[in-house]
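Chemist: Below are the sequence and a predicted model for it; my questions follow.
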Amino acid sequence: MDNGMSGWILGMILAAVTSLVLGLTLVWLNIERMDIAYGLQKLQAELDNESAHTAKLELERENLVSPYRMRRLADELQMRPAVPGQIRRMDERRQSGGE
């Protein structure tokens, strides 16, 4: 009876240790999952901020190069369209010290 009783106690201890290890593993995996979820959430927020910033910069660029604004700046700076003879085009061969 002693052997039967000690085997039963050993089985209970082994089951308790196994349950403890599995429980701790479950808690550790849950903590890791939460860390990964937090990291993903942080990266998504950064991506959203960068996308919003990019959209604002594109809008600002479109505003700066709009034909209306360019025309208004040209008027303020008293710029007029070039007349014939004001624009000279140079041949590439002549620019590079050519032949």
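Modeler: Done, it's in. Numbering: from 1, shown residues only.

Chemist: Could you pull up the mean pLDDT of stretch 90-99?
Modeler: Computed over stretch 90-99, the mean pLDDT rounds to 64.

Chemist: mind checking how far the most centrally placed residue in the chain is from Asp35?
Modeler: Centroid-nearest residue in the chain, with C-alpha atoms, centre = their mean: Leu47, separated by 3.9 Å. Distance check for Leu47 against Asp35: by C-beta to C-beta, to the nearest Å, it reads 19 Å. C-beta: built from backbone N, CA, C; applies to glycine.

Chemist: Check Gly4 too.
Modeler: Counting by C-beta to C-beta, the gap between Gly4 and Asp35 amounts to 47 Å.

Chemist: likewise Asp75?
Modeler: Using C-beta to C-beta, we find Asp75 at a distance of 59 Å from Asp35.

Chemist: ditto for Ala52
Modeler: According to C-beta to C-beta, Ala52 stands 26 Å off from Asp35.
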